[in-house]
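Got a predicted structure here, sequence first:
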Amino acid sequence: MTAKEFIETLTLFKNEKELGKVDKFFKGNDGVTKSFGVKFGDVFTTAKEFSEMSLDEINKLLDSDFYEVRMGAVSIMDFQARNKKTFEEQKKALFDLYLSRHDRLNNWDFVDRAARNVIGEYLMDKPRDILYKLAYSDSPWERRTAIVCTHAFIRKNDVEDTFAIAEILIHDPNELVNKAVGSWIREAGKKDKKKLQHFLNTYVKTMPAVTFSYATEKLDPESKLHYKNLRKEK
């Protein structure tokens, strides 16, 4: 299974109607990323077929300037990371590859496709210092990884790092980071309502509007109104 074979297979699904995808979904500004013209569903199906691809070949896919080809690469990484048959050594290699090539994972959906399983699940029983380093990164995509990957912890009722990283990112200048912070403190709040309430009480008046909207989306009407009124007091 080679990168060349993957791209050749993906070519079979090319559709001119999909060529505008970059403008719709890609929020990076590298000046070189372009659309291959393939539906995401076909990208994911092809990635699953190539899910046993070696890391060297995945790395070649990450070199591509085509948006969907890089999405294929992170999808393959995700399939491998979530596979129960994948050895710890391979999971470590996937973790290292993700971080070392984060310059190529320069969009919100690249992060969301693989961060939970490739980064979060790997760190489940390990020190998580790297996440705090990412949270202070100049790259919004690395900062988004820091918070999104904590979904793996939330699923195991571990919300400490989610709220700690959210505190670092609460006034982030990037809207796509703001959305991620709001989303994941909302999810963490489903596991620990008191921690969410404490977080909201602390930052409700200063957090970006989009963060507030995402964070309070699932609150009961009375609680939501309470926090909306607190925001008005600022």
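Received, thanks.

In whatever helix or strand Ile58 lives in, which of the residues would be classed as buried?
Element membership for Ile58, per DSSP states H and E: helix 55-62. Across helix 55-62, burial judged by 16 or more other Cβ atoms under 10 Å covers Glu57, Ile58, Asn59, Lys60, Leu61, Leu62. To be clear about C-beta, it is placed using only N, CA and C from the backbone, and glycine gets the same treatment.

Kindly report the same for stretch 46-57.
Thr46, Ala47, Phe50, Ser51, Met53, Glu57.

Now do the SS call for the first one.
Right, Thr46. In three-state terms, and counting by DSSP: H, G, I helix; E, B strand; the rest coil, Thr46 is helix.

surely it meets Thr9?
Yes: the pair Thr46 and Thr9 passes the contact test of Cβ atoms under 8 Å, sitting 5.3 Å apart.

So if we follow the domain assignment, how does the chain break up?
For the chain, the structural domains run 1-122, 132-234, going by automatic domain parsing.

any idea which of the buried residues of stretch 46-57 is closest to Leu200?
Closest approach to Leu200 among the buried residues of stretch 46-57 (Cβ to Cβ): Ala47, at 38.0 Å.

any idea which helix or strand carries the nearest residue to that closest one once chain neighbours are set aside?
For Ala47, ignoring the flanking residues on the chain, the nearest one in space by Cβ to Cβ, 6 or more residues apart in numbering is Ser75 at 3.6 Å. Of the helices and strands defined by DSSP H and E, Ser75 is found in helix 67-82.

Where does the prediction get shaky in this structure?
Residues of the chain meeting the criterion pLDDT under 70: 234.

mind listing the strands for it?
Shown for the chain, no strands are assigned by DSSP state E.

residue contacts, Thr150?
Residues in contact with Thr150 (Cβ atoms under 8 Å, 6 or more residues apart in numbering) are Gly120, Leu131, Asp161, Thr162, Ile165, Trp184, Ala188.

Might you specify the subset of those residues located within helices?
If you go by DSSP state H, the contacts of Thr150 have Leu131, Asp161, Thr162, Ile165, Trp184, Ala188 in helices.

what's stretch 90-105 in contact with?
Outside of stretch 90-105, the residues within contact range by Cβ under 8 Å, 6+ apart are 55, 58-59, 62-63, 70, 73-74, 77, 80-81, 110-111, 114-115, 118-119, 121-123, 130, 139, 141-142, 145.

and the contacts of Thr150, which are buried?
Buried by 16+ other Cβ under 10 Å: Gly120, Leu131, Asp161, Thr162, Ile165, Trp184, Ala188, out of the contacts of Thr150.

isn't the second one right next to Arg143, touching?
Pointing back at Leu131 there. No: with the criterion set as Cβ under 8 Å, Leu131 and Arg143 do not qualify as a contacting pair; they are 10.1 Å apart.

How many neighbouring residues does the residue nearest to Arg116 when sequence neighbours are not counted have?
Beyond its immediate neighbours in the sequence, the residue positioned closest to Arg116 (Cβ to Cβ, 6+ apart) is His151, lying 4.5 Å away. When counting by other Cβ atoms under 10 Å, one arrives at 21 neighbours for His151.
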